[in-house]
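> here are the coordinates; sequence isn't available:
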C-alpha cells in the first residue's frame, strides 16, 4: 500500500531532545545530550521505518521479545507452557506469558533488556568496536594456582587444611559486603547496569556467550514479581542453573566463563532478591559454583604475557581479568553465606599470586588502541609486576620494615586509578586486615 505524504515524520531531533525542547546534535547513533545524561536516544524516522517494516511483513512474522530465550540448556519456558504458582495456589496455574507480562519490564526490543543508561553505554561501546573484530580464540592463558582448592573450598569448614587461615570480618564489613553484592544483583535485575565482573566487550556480542545472554534476560522477571510468585521464579532460575552445571563440561573457554558468571548472578539473585538463603538448593548451588569456578580457572587465570611482564593480546587480557574479578566476587559471596549460617570463613590462600583488579583505564578502555596505550604506560610504571591480591592480605609478622614500606608504596600506587570494584575490594581488605 502506498504510504501517505506525511507517513514519515520530518522531525530530525531525537525524542528525548524534543520532549526537553533542547538542541539536538543529530548524531546518527546517539546524540551528545543523551550520552551525557545516559538516556535512550531514539529518532522518529527509525521508529516510522521499523513500524512500516512490521506492517509490510505482517503480524505472523513478528517475534516479540521474551526474557525466556533459548540458552545452552535449551528453551527454558514458552509462553504456552503452564507453571505452578505454588502450594497455596489451590491448584491454580499461571502461564508463562502472564508471568512475563507481570513480572518483567521488557518494553525494549534490544538484544538484551537493559535500562536506558546502560543501553546507551553499550551502544557507544559497540560503535567503538565495530572495526575491532575481537577474536577470543587461542588466548594463551595459564593457571598459576592450585585450582582444586577452589572446588574443595566448601570442605574447609569440616576438614582442616594445612596453612588454613581464619578470616574474621568485622560486623560492619559483613554488612558492607552484603549491601554491595546485593546492589550487583539489583542493578542487573533492574537493567541499570551490569556487575563489575562483566567486561563491556561481553555485552557487545552476547552471541558468543549464550549463558550470559539468557541470564541477563531471565533475571529481569524478578524486577516486579506478582505476589506469591517468588517460588515460581526461583524454580525457573534453579532449572537454568542446573542446566548450566550439567553441561559445563562441553563448553569452550568463553562459554564456560559466561556460565560461571551467569551461575553467580543467578545465585546472588536467589539469595538477595528472592530470599532463598535458607533453601537447601543454595547450599548445593555454592558447591556447583565452586566447581564451575575451578573448571573456568583451570583454563587459565593469567595471560602468559602477564607473567613475562609484556603486553598480552587485548582479548586474552579481557578474559583473564574478567575471570579474576568473578572469582573474587564469588569468594565474597561465599563469606556472606557462611556468616549467615554461623560458619567460619577462611582466607583464600589458594589465590596467592593472582593479580589484584586492574586499574580503571585498562578495564574501561573502549578500543584496542586505547587499551594498548594504557597498558604500555602500566608496564612502564609497574616494572616489578602488578599488585598481587595477597599484597592486600595481613602483613606477615616476619616481613622486614623495608619490605613493608615497599608493599605499602605499591598499594598506594594501585589505589591511584581504581574503579568502583577495586575500591570496594580495598575497603574490605583494609578494614579487615589493616596494612
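That came through, no problem. Here the structure is a predicted model, which means the values were calculated and not measured.

> Okay, and residue 41 sits in which element?
Secondary structure assignment for residue 41, by DSSP states H and E: no helix or strand.

> can you check residue 263 too?
Per DSSP H and E, residue 263 falls inside helix 253-268.

> buried ones in the following helix or strand past that helix?
Going down the chain from helix 253-268, the next helix or strand is helix 280-298, by DSSP H and E. Using 16 or more other CB atoms under 10 Å as the test for burial, helix 280-298 gives 281-282, 285-286, 288-298. Every C-beta, even on glycine, is put in place using the N, C-alpha and C of the backbone.

> okay, now residue 179: neighbour count?
10 (other CB atoms under 10 Å).

> which residues touch it?
For residue 179, the contact set (CB atoms under 8 Å, 6 or more residues apart in numbering) is empty.

> still on that earlier bit, with the buried residues of helix 280-298 in mind, which one is nearest to residue 271?
Closest approach between the buried residues of helix 280-298 and residue 271, by CB to CB: residue 282, at 6.3 Å.

> how near is that closest one to residue 216?
21 Å (CB to CB, to the nearest Å).

> Also residue 158?
Distance, residue 158 to residue 216, by CB to CB: 35 Å.

> Looking at those two, which one has more neighbours?
Shown here are residue 158 and residue 216; by other CB under 10 Å, residue 216 has more neighbours (26 against 7).

> what mean pLDDT does whichever strand or helix holds the more buried one have?
Element membership for residue 216, per DSSP H and E: helix 210-218. When pLDDT is averaged over helix 210-218, the result is 93.

> same for that helix, what does it pack against?
strand 70-71, helix 230-247, helix 253-268 (3 or more CB pairs under 8 Å, 6 or more residues apart in numbering; DSSP states H and E).

> what would the ones you listed look like in a markdown table with mean pLDDT, mean neighbour count and distance to residue 42?
Shown next, in a markdown table, are the helices and strands packed on helix 210-218 (pLDDT from 0 to 100; neighbours: other CB atoms under 10 Å; distance: least, CB to CB, whole Å):
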| stretch | mean pLDDT | mean neighbour count | distance to residue 42 |
| --- | --- | --- | --- |
| strand 70-71 | 36 | 16 | 28 |
| helix 230-247 | 93 | 19 | 30 |
| helix 253-268 | 96 | 25 | 28 |
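
> Dump those into JSON lines; add distance to residue 347 as well.
Output for the helices and strands packed on helix 210-218, formatted as JSON lines (distance: least, CB to CB, whole Å):
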{"stretch": "strand 70-71", "distance to residue 347": "35"}
{"stretch": "helix 230-247", "distance to residue 347": "27"}
{"stretch": "helix 253-268", "distance to residue 347": "20"}
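
> chain center to stretch 425-435, what's the gap?
Averaging C-alpha positions (CA atoms, centre = their mean, to the nearest Å) puts stretch 425-435 23 Å from its chain's average.

> could you list every residue that touches residue 197?
Taking CB under 8 Å, 6+ apart as the test, what residue 197 contacts is 261, 264, 322, 325, 326, 328, 329, 421.

> Next: residue 349.
Contact analysis of residue 349 by CB under 8 Å, 6+ apart lists 163, 164, 165, 390.

> Would you show me how to pick out the buried ones of these in ChimeraX?
Buried residues among the contacts of residue 349 (16+ other CB under 10 Å), as a ChimeraX selection:
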select :390
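
> hang on, the earlier thing: indicate which one of the helices and strands packed on helix 210-218 is closest to residue 22.
Of the helices and strands packed on helix 210-218, the one closest to residue 22 (CB to CB) turns out to be helix 253-268, at 36.5 Å.

> Stretch 204-223: end-to-end distance?
This stretch, stretch 204-223, spans 23 Å end to end (CA to CA, to the nearest Å).

> Provide a list of residues in contact with residue 299.
Residue 299 touches 141, 143, 253, 256, counting by CB under 8 Å, 6+ apart.

> quick one: pLDDT of residue 309?
Taking residue 309 on its own, its pLDDT is 94.

> Next, count neighbours for it.
12.

> low pLDDT regions in the stretch 1-150 of the chain?
Low-confidence regions of the stretch 1-150 of the chain, defined by pLDDT under 70, span residues 1-10, 28-29, 35-40, 45-132.

> at 90 instead, please
Low-confidence segments of the stretch 1-150 of the chain (pLDDT under 90): 1-135, 137-138.

> Just after the lengthiest helix in the chain, pick out the following helix or strand.
As assigned by DSSP state H, the longest helix anywhere in the chain is helix 314-340. Using DSSP H and E, the helix or strand that follows helix 314-340 in sequence is strand 345-346.

> Show me where the protein has its strands.
70-71, 74-75, 82-84, 93-95, 141-142, 166-167, 302-303, 345-346 (DSSP state E).

> strands paired with the fifth one, and their directions?
Each strand that pairs with strand 141-142, with its direction, by DSSP bridges: strand 302-303 (antiparallel).

> ok, back up a step: what's the closest of the contacts of residue 299 to residue 268?
The shortest approach to residue 268 among the contacts of residue 299 belongs to residue 256, at 19.0 Å (CB to CB).

> Grab the nearest non-local neighbour of the closest one.
Nearest residue to residue 256, sequence neighbours excluded (CB to CB, 6 or more residues apart in numbering): residue 296, at 5.0 Å.

> Show the contacting residues for the one you found.
For residue 296, the contacting residues are 253, 256, 257, 259, 260, 323, 326, by CB under 8 Å, 6+ apart.

> If we use 10 Å, what do you get?
Contact partners of residue 296, counting by CB atoms under 10 Å, 6 or more residues apart in numbering, are 143, 147, 150, 248, 251, 253, 255-261, 319, 322-323, 326-327.

> And residue 282, by the same measure?
234, 238, 267, 270, 271, 276, 289, 337, 340.

> The first one touches residue 273, doesn't it?
Yes - with contact defined as CB atoms under 10 Å, residue 234 reaches residue 273; the gap is 9.5 Å.

> which residues are common contacts for these two?
Common neighbours of residue 234 and residue 273 (CB under 10 Å, 6+ apart) are 222, 225.

> Which residue ranges of the stretch 101-250 of the chain form helices?
Listed in chain order, the helices of the stretch 101-250 of the chain (DSSP state H, counting those that start in this stretch) span 116-128, 148-151, 171-190, 200-204, 210-218, 230-247.

> I'd like to know which of these is closest to residue 381.
Across these, residue 381 has its closest neighbour in helix 200-204 (23.7 Å, CB to CB).

> Pull up the gap between residue 239 and residue 280, please.
Distance of residue 239 to residue 280, given as CB to CB: 16 Å.

> okay, residue 192: pLDDT?
Confidence score, pLDDT, at residue 192: 87.
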